[in-house]
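Participant: what follows is a protein structure lacking sequence information:
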């Protein structure tokens, strides 16, 4: 699998890729690390990989990042830089037998004075047992493992494998990186892309940070252009159709976007929240999943600072279920904006966590006898309910009795904030606290 991309050397003729019969991504594959586009944090003068090469030693690596960002190419070039033999397998097509063959070959080559860099594409596709199989040959120096994955290694790779490797994050290519790549393609083919300025920028955006996808778009444009034609954005979109956003509803892209939506609502930024909400819908997310998350935000991040937040979120879900798509999404968008602009408080959330912790740690103490029912004569005679004060019979409608079990004593879990409706609740809480204290003084 090719990744990134350099133009052919000057002594080779520029021949359109269609005549050569090779994809542009293959023709533009870099021949040195200096020709790799992007990943300056790894390959720049002070980059991590530059420092490793400069030290003369290379440890096992996990290259983590989106498709088309140069992982395979960089692995191949690293082997060249340190004069290691490059071997490649794919976890999609390989099994235990293939691994054993690769390890035996690496042992043989090592006996003959040549070390092996084993590149494993899609390494997260190996199961836990297969991943454990790498550990002995990594530890005894048979191979230097370089694995590539598009998935978060923390979730997909064994802790033992991660502890023996350094994880390097590959970033999506910027628009500037993609423009540099487009220029290389134009130089190689000898053809300027027949796109006006806006259409050219649209093409770069459609690539979504994926260099290989970008070169595929270039090939489509060059193959489809009529003589003398200059495509605008609409023509471009009709030629290349539309590339689906990078988004897997079961993987990290999903969790990244829902995290971004939740945090922008919590951060009271309705514009950013609407953007991430729209991105998830555009990528095919289930609107009812988003509705459920909005309900959670209403209770977790707003709570009683705005008691209408939860009814608004529930009503948005109900409206979507009644209207369906696309009309129902507007109701959810309304909820997004309402929640983003609502006063924020996690006081109830924090109080509930605190109460849960005490409940789990405190065992099963009996509530005070004074608040226990006495449905039988025996229970009444043994003190159940004795001395209970009916709150409505007091002038303030508040008895001030102690309701916590004596064993754990009184706790104060709920601490309302000075925002929104919780300002009023704080006044009430303070009032009851003062009243409770005065009644206890009166009892004394």
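Facilitator: Perfect, I can see it now. Note that the coordinates shown come from a computational prediction; the quantities given were computed from them, not determined experimentally.
Participant: where in the stretch 301-444 of the chain is pLDDT low?
Facilitator: Along the stretch 301-444 of the chain, the parts satisfying pLDDT under 70 run over 443-444.
Participant: spatially central residue in this structure, please.
Facilitator: residue 256 (2.5 Å; CA atoms, centre = their mean).
Participant: so for it, what pLDDT did the model give?
Facilitator: Looking at residue 256, its pLDDT is 84.
Participant: do the same with residue 17
Facilitator: With respect to pLDDT, residue 17 has a value of 39.
Participant: before we move on, what about residue 8?
Facilitator: In this model, residue 8 carries a pLDDT of 40.
Participant: quick one: residue 209 from residue 221, how far?
Facilitator: Here residue 209 is placed at a distance of 18 Å from residue 221 (CB to CB, to the nearest Å). No exception for glycine: its C-beta is placed from N, CA and C like everyone else's.
Participant: any low-confidence regions in the stretch 151-300 of the chain?
Facilitator: Short version for the stretch 151-300 of the chain, where the test is pLDDT under 70: 242-253.
Participant: what segments of it are helices?
Facilitator: Using DSSP state H, counting those that start in this stretch, the helices of the stretch 151-300 of the chain run over 153-156, 159-163, 175-189, 197-206, 211-224, 233-240, 252-266, 270-282, 287-297.
Participant: neighbouring contacts of the fourth one?
Facilitator: Translated: helix 197-206. By CB atoms under 8 Å, 6 or more residues apart in numbering, the list of residues contacting helix 197-206 from outside reads 175, 178-179, 182, 193, 195, 213-214, 217-218, 221, 231-233, 235-237, 240, 242-243.
Participant: try 10 Å this time
Facilitator: Residues outside helix 197-206 that contact it (CB atoms under 10 Å, 6 or more residues apart in numbering) are 173-179, 181-182, 193-196, 213-214, 217-218, 220-221, 230-237, 239-243.
Participant: and it, which residues are buried?
Facilitator: Within helix 197-206, the residues scored as buried using 16 or more other CB atoms under 10 Å are 199-200, 202-204, 206.
Participant: how about stretch 359-371?
Facilitator: Within stretch 359-371, the residues scored as buried using 16+ other CB under 10 Å are 369-370.
Participant: do I have it right that the residue nearest to the centre of the chain meets residue 152?
Facilitator: Yes - Residue 256 is within contact range of residue 152, at 9.3 Å (criterion: CB atoms under 10 Å).
Participant: coming back round to it: buried subset of the contacts of helix 197-206 as a ChimeraX selection?
Facilitator: To isolate the buried subset of the contacts of helix 197-206 in ChimeraX, counting by 16+ other CB under 10 Å, use the following:
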select :173,177,178,179,181,182,193,194,195,213,214,217,218,221,231,233,235,236,239,240
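Participant: now name the helix or strand holding residue 375.
Facilitator: Following DSSP states H and E, one finds residue 375 outside all helices and strands.
Participant: care to break this structure down by domain?
Facilitator: The chain breaks down by automatic domain parsing into domains covering 39-169, 176-240, 252-341, 368-443.
Participant: report the distance from the last one to the chain centre.
Facilitator: On the basis of CA atoms, centre = their mean, to the nearest Å, domain 368-443 sits 45 Å off its chain's mean C-alpha point.
Participant: picking up where we left off before, can you redo the helices of the stretch 151-300 of the chain as a markdown table with distance to residue 316?
Facilitator: Formatted as a markdown table, the helices of the stretch 151-300 of the chain follow (distance: least, CB to CB, whole Å):
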| stretch | distance to residue 316 |
| --- | --- |
| helix 153-156 | 31 |
| helix 159-163 | 41 |
| helix 175-189 | 35 |
| helix 197-206 | 31 |
| helix 211-224 | 35 |
| helix 233-240 | 32 |
| helix 252-266 | 13 |
| helix 270-282 | 11 |
| helix 287-297 | 6 |
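Participant: out of the ones you listed, nearest to residue 423?
Facilitator: When the helices of the stretch 151-300 of the chain are compared by CB to CB, helix 252-266 sits nearest residue 423, at 19.6 Å.
Participant: what is the orientation angle of the closest one with helix 270-282?
Facilitator: If you take axes from the mean of the first three to the mean of the last three CA atoms, to 10 degrees, helix 252-266 sits at 150 degrees to helix 270-282.
Participant: mind listing what's buried in helix 252-266?
Facilitator: By neighbour count on 16+ other CB under 10 Å, the buried set for helix 252-266 is 252-254, 257-258, 260-262, 264-266.
Participant: now do stretch 78-85
Facilitator: 78-79, 81, 84-85.
Participant: pick out whichever of these sits closest to residue 384.
Facilitator: Of these, the one sitting nearest to residue 384 (CB to CB) turns out to be residue 78, at 76.6 Å.
Participant: which other helices and strands contact the helix or strand where that closest one lies?
Facilitator: Secondary structure assignment for residue 78, by DSSP H and E: helix 71-81. Contacts defined by 3 or more CB pairs under 10 Å, 6 or more residues apart in numbering; DSSP states H and E place helix 71-81 against helix 40-43, helix 48-55, strand 61-64, strand 85-90, strand 116-121, strand 143-149.
Participant: and the longest helix for the protein?
Facilitator: Secondary structure of the chain per DSSP state H: the longest helix is helix 422-443.
Participant: who does that one touch, helix- and strand-wise?
Facilitator: For helix 422-443, the packing partners by 3+ CB pairs under 10 Å, 6+ apart are helix 347-361.
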